[in-house]
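**Student:** Got a predicted structure plus its sequence, pasted below:
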Amino acid sequence: SQKIEQNSEALNIQEGKTATLTCNYTNYSPAYLQWYRQDPGRGPVFLLLIRENEKEKRKERLKVTFDTTLKQSLFHITASQPADSATYLCALDIAGNNRKLIWGLGTSLAVNP
Amino acid sequence: DAMVIQNPRYQVTQFGKPVTLSCSQTLNHNVMYWYQQKSSQAPKLLFHYYDKDFNNEADTPDNFQSRRPNTSFCFLDIRSPGLGDAAMYLCATSRGSGSTDTQYFGPGTRLTVL
């Protein structure tokens, strides 16, 4: 069956450390993968997009990797801050699926001061 | 600022009483989406419009309808809300349906069914 899984447990880290969130998928062949941030009671906000032929993408303190062999994407936040506390969602863009996104459940990140 | 606006932010309705949620956008995007999101769950796509072309998801209940009278506005009608329809309803837009067309979300409408 097709599945997309993110860290099921909430992630608690100390301010200044690097947060690493995982997105694993099975039986999909995404052409693109997107990461979004969602704060409580708000809509998701787009962060980064990575293509299947890209190994890594960076934006300021954010880094995303995409390993199509392992069927995994890692999302890193370096020098984390309490303001980074939120839920982070990964979404697969399945080519040929009318470009609809397949969403993960998200991982809750808490950065402690 | 260009944005996606949803009204109201909080909506309370009674079991079986029709309710309409609204979404407007100033981005001039072609695609508008409606998602349902329950607590600790992934957003669930209900339907989307590409311009005036309506695309319904196979598992969206008939109780949910949508209208897009023009580019800027899109409405979600719930004809007879049940307790299970209590959720956050998210409107999103994208420029097109290409793979690099990321989605822009509104703040959501929290629906409570009494």
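**Tutor:** Received the coordinates, thanks.

**Student:** List the residues that contact the residue of chain A found nearest chain B.
**Tutor:** Residue of chain A nearest chain B, by CB to the nearest CB: residue A:43 (3.0 Å). (Glycine included, C-beta is placed from N, CA and C.) Residues in contact with residue A:43 (CB atoms under 8 Å, 6 or more residues apart in numbering or on different chains) are B:4, B:90-92, B:105-108.

**Student:** Keep those residues, but drop any that are not near chain A.
**Tutor:** B:4, B:90-92, B:105-108 (CB under 8 Å from any CB of the partner chain).

**Student:** Now a ChimeraX select for only the buried ones of those.
**Tutor:** Selection of the buried residues among the ones next to chain A among the contacts of residue A:43 in ChimeraX, burial being defined by 16 or more other CB atoms under 10 Å in any protein chain shown:
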select /B:4,90,91,92,105,106,107,108
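
**Student:** from memory residue A:64 sits against residue A:55, does it?
**Tutor:** No: the pair residue A:64 / residue A:55 is not scored as a contact, 9.8 Å apart, by CB atoms under 8 Å.

**Student:** Looking at these two, which is more packed in?
**Tutor:** Higher neighbour count among residue A:64 and residue A:55: residue A:64, with 24 against 11, using other CB atoms under 10 Å in any protein chain shown.

**Student:** Report the beta-bridge partners for the more buried one.
**Tutor:** residue A:57, residue A:75 (DSSP bridges).

**Student:** Quick check: pLDDT value at it.
**Tutor:** On the pLDDT scale, residue A:64 is placed at 97.

**Student:** Likewise for the one 10 residues further on?
**Tutor:** As predicted, residue A:74 sits at a pLDDT of 96.

**Student:** and it, what does it touch?
**Tutor:** By CB under 8 Å, 6+ apart, the contact set of residue A:74 is A:20-23, A:64-65.

**Student:** cool, and residue A:66?
**Tutor:** Taking CB under 8 Å, 6+ apart as the test, what residue A:66 contacts is A:33, A:50-52, A:54-57, A:72-73.

**Student:** From residue B:6, how far out is residue A:39?
**Tutor:** 15 Å (CB to CB, to the nearest Å).

**Student:** the more surrounded of those two?
**Tutor:** In terms of neighbours (other CB under 10 Å), residue B:6 is the more surrounded of residue A:39 and residue B:6; the figures are 21 against 12.

**Student:** Could you measure from the more buried one over to chain A?
**Tutor:** For residue B:6, the distance to chain A equals 8 Å [CB to the nearest CB, to the nearest Å].

**Student:** Please apply the same query to residue B:81.
**Tutor:** Relative to chain A, and taking CB to the nearest CB, residue B:81 is found at 20 Å.

**Student:** Next, count neighbours for that residue.
**Tutor:** Neighbours around residue B:81, by other CB under 10 Å: 22.

**Student:** and it, what pLDDT?
**Tutor:** In this prediction, residue B:81 carries a pLDDT score of 97.
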